[in-house]
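> fold the following.
(one chain, ligands or ions: 2)
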Amino acid sequence: MKRKIGIMGGTFDPIHIGHLILGEKAYQQFGLEKIMFMPSGNPPHKQHREGRATDEQRVEMVRRAIEDNPHFALSLEEMNADGYSYTYRTLERLKGQNPGVEYYFIIGADSLFDFDGWKEPGRICQAAKLLVAGRNHVEKPRLISQMKYLGEKYNGEFFLLDIPNLDISSKMLRKWIAESESILYYVPDSVYTYIKEQKIYK
Ligand code: ATP
Ligand code: MG
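Residues are numbered from 1 along each chain as shown. Ligands and ions are numbered 1, 2, ... in the order given. Below you'll find the model as predicted:
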């Protein structure tokens, strides 16, 4: 039996309950051993963008958000010095290091519809199975047909997660904070406090 490990990649600017619910449902529904939360690095020229968190702050928010969940872990695999790294490279590197592991890469519907434009979709599909969550109220048949299309085109395995639509995005939360609208309960309390302390997104 191969070890099965989930990967939740994202900018996490900030991490929110949508990301956490996706990770937990994937863990449970696919019998995964653990979920690695993997914040993507920013390239050097995007390191200090106005109204955004720094790499360090994004990592700290993820750390706080997942600390109480024993099957969630933080991965700094994409936090390298030159910043940006492509998903296929990260997955191939992980697979090379851990040939006994079966990786499950978790994405939302928006990423599913962008997937064709990602770098080396075929290599992503060879390195991991894809777990897809609906988003933005995309109709299920549209979702399924896109999964089928990509699965055939790239010889990949796409599976649907059973999760209700979660109306939340980091973009919405950044906007709310900038407008002094409360984001309480949309992020874990520890993240809420950190954002306040550090005055991020103001
Ligand atoms: P932003 O608004 O800045 O793009 P985001 O909320 O989309 O932030 P990301 O870090 O971009 O968060 O997302 C990481 C992954 O999680 C992506 O694959 C995205 O599709 C998925 N995701 C995030 N939020 C949701 C959600 N509410 N429902 C389903 N998938 C989600
Ligand atoms: Mg996004």
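> which SS state does residue 131 fall under?
With DSSP: H, G, I helix; E, B strand; the rest coil as the basis, residue 131 sits in strand.
> if I look at it, how far off is residue 186?
Between residue 131 and residue 186 the computed distance is 23 Å (CB to CB, to the nearest Å). The way it works is simple: take the backbone N, C-alpha and C, and place the C-beta from them, glycine included.
> how about residue 110?
Applying CB to CB, the value for residue 110 to residue 186 is 18 Å.
> neighbour count for those two, which is higher?
The neighbour comparison of residue 110 against residue 186 (other CB atoms under 10 Å) goes to residue 186, with 19 against 12.
> for the more buried one, which residues are in contact?
16, 17, 168, 173 (CB atoms under 8 Å, 6 or more residues apart in numbering).
> widest-spaced pair of these?
17 and 173 (10.2 Å; CB to CB).
> which residues do those two both contact?
Common neighbours of residue 17 and residue 173, counting by CB under 8 Å, 6+ apart, are 186, 187.
> neighbour count winner among those two?
Comparing residue 17 with residue 173 by neighbour count (other CB under 10 Å), the higher total belongs to residue 173, at 22 against 16.
> which residue is the nearest non-sequential neighbour of that one?
Spatial nearest neighbour of residue 173, excluding adjacent residues (CB to CB, 6 or more residues apart in numbering): residue 183 at 5.0 Å.
> relative to residue 106, how far out is that neighbour?
Distance, residue 183 to residue 106, using CB to CB: 23 Å.
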